[in-house]
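> no sequence on hand, only this structure:
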């Protein structure tokens, strides 16, 4: 929802942050993608070890890299099919490693209910982009739904930094599946129109 409304309007701000952090050096967008992935995996490990606040900070860093790779690629004319592919694949790994880290965190706390909720959230997190990919493979654009990746990441950051990870996981466990249903309905409607 956020990404579809804002689009690339944040690119100038993101590029200014990039120039400040890297002294305007030319860094490959794919390098930024991998750096964001590494930050996300370390964030997941920190959650699993019981350090949610530090994990939240690192997840913010991962999110910043995720914004920078696209902005740098678009600005420098370095958008490539492989770059988009790499970004999507590593995003999926990051999302699911984070879910695993949270699952381990709750398991270590002996909190079976929220461990199960985390597993349900992970299923929804995995199916949302899959639904989009299948829709696009069928020739239907599919950007609809409540929780795209920016919203999910923001919720996790808020949950980790505030200590409210339990309600955030419940929200994710419910709304990720609502998002999948929204996409299914959207695609069904588009395909029904095209058949008429």
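Right, received. Where do you want to start? Worth saying up front: this structure is predicted, and the values here are computed from it rather than measured.

> quick one, helices of the chain?
Secondary structure of the chain (DSSP state H): helices at 2-6, 11-22, 29-48, 52-75, 81-108, 112-137, 149-162, 165-195.

> who are the packing partners of the fourth one?
With contacts defined as 3 or more CB pairs under 8 Å, 6 or more residues apart in numbering; DSSP states H and E, helix 52-75 has these neighbours: helix 11-22, helix 29-48, helix 81-108, helix 149-162. Just so you know, the C-beta spots here come from the backbone N, C-alpha and C atoms, and that holds for glycine as well.

> gap between it and the chain center?
10 Å (CA atoms, centre = their mean, to the nearest Å).

> what comes up buried for that helix?
Across helix 52-75, burial judged by 16 or more other CB atoms under 10 Å covers 52, 54-73, 75.

> ok, back up a step: as a markdown table, the helices and strands packed on helix 52-75 with distance to residue 127 would be great.
Below are these laid out as a markdown table (distance: least, CB to CB, whole Å):
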| stretch | distance to residue 127 |
| --- | --- |
| helix 11-22 | 29 |
| helix 29-48 | 19 |
| helix 81-108 | 11 |
| helix 149-162 | 12 |
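
> closest to residue 136 out of those?
Closest of these to residue 136 is helix 81-108, at 11.3 Å (criterion: CB to CB).

> spell out for me which residue occupies the centre of this structure.
residue 149 (3.5 Å; CA atoms, centre = their mean).

> quick check, that one in contact with residue 94.
No. Using CB atoms under 8 Å, residue 149 is not in contact with residue 94, being 9.5 Å away.

> coming back round to it: pick the most deeply packed of the helices and strands packed on helix 52-75.
Mean neighbour count, computed with mean count of other CB atoms under 10 Å, is highest for helix 29-48 among those, reaching a mean of 21.

> picking that back up, how about the helices of the chain in TSV, adding mean pLDDT and distance to residue 143?
Output for those, formatted as TSV (pLDDT from 0 to 100; distance: least, CB to CB, whole Å):
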stretch	mean pLDDT	distance to residue 143
helix 2-6	54	5
helix 11-22	84	18
helix 29-48	96	21
helix 52-75	93	15
helix 81-108	96	14
helix 112-137	95	8
helix 149-162	94	11
helix 165-195	93	9
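
> run through the residues that contact the nearest residue to the residue nearest to the centre of the chain once chain neighbours are set aside.
If the residues on either side of it in the chain are set aside, residue 149 comes closest to residue 91, at 6.4 Å by CB to CB, 6 or more residues apart in numbering. Going by CB atoms under 8 Å, 6 or more residues apart in numbering, residue 91 touches 37, 66, 129, 149.

> what does residue 161 give?
52-53, 56-57.

> residue 105 versus that one, what's the distance?
Using CB to CB, to the nearest Å, one obtains 14 Å as the distance from residue 161 to residue 105.

> one more: residue 167?
15 Å.

> just the contacts of residue 161 now: which is nearest residue 32?
The shortest approach to residue 32 among the contacts of residue 161 belongs to residue 57, at 18.3 Å (CB to CB).
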